[in-house]
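Undergrad: Got a predicted structure here, sequence first:
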Amino acid sequence: MSSSTKPPRSGSIVNLSYKEKSGLYTAYMPFVKNGGLFIPSSKSFELGDEVFVVLTLWDVQDELPIPCKVVWITPVGAQNKRKPGIGVQFLDNGTARTRIETILAGTIESDRQTDTM
């Protein structure tokens, strides 16, 4: 491995809680293979970093654990006043994507602005 190539960091745990459908809608990334979420953060991450997301939704008693990897970074000071943060791709067996897309049924294709695109 060359000195300019760093292995992905692992072990980051992120707790996310959404109290309503609109918050989940603005963070969900259906265009990412297996689904993903935008996580507002000013912490430093690199593409490929492994992140374990613990997701809590308003209509579910239990937390939804989701192994993920960073596939998108919006840095602090990004143009158009975008929120800084990371986009993570779900690495689970589809449970998270299925649950989120069931909740967001009928709104995923909406023209409403999101935190991603």
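TA: Everything's here; your move. Residues are numbered from 1 along each chain as shown.
Undergrad: measure residue 65 to residue 24 for me?
TA: 17 Å (C-beta to C-beta, to the nearest Å). From N, CA and C alone the C-beta is placed, and that goes for glycine too.
Undergrad: which SS class is the spatially most central residue of the chain?
TA: Residue closest to the average C-alpha location in the chain (C-alpha atoms, centre = their mean): residue 37, at 2.1 Å. For residue 37, the assignment made with DSSP: H, G, I helix; E, B strand; the rest coil gives strand.
Undergrad: ok, it touching residue 57?
TA: No - assessed by C-beta atoms under 8 Å, residue 37 is found out of contact with residue 57, at 11.7 Å.
Undergrad: Of residue 65 and residue 24, which one has the most company?
TA: residue 24 (19 against 13; other C-beta atoms under 10 Å).
Undergrad: Which strands or helices does the helix or strand containing the more buried one pack on?
TA: Taking DSSP states H and E as the criterion, residue 24 maps to helix 21-27. Packing contacts for helix 21-27, counted by 3 or more C-beta pairs under 8 Å, 6 or more residues apart in numbering; DSSP states H and E, involve strand 12-18, strand 36-40, helix 95-103.
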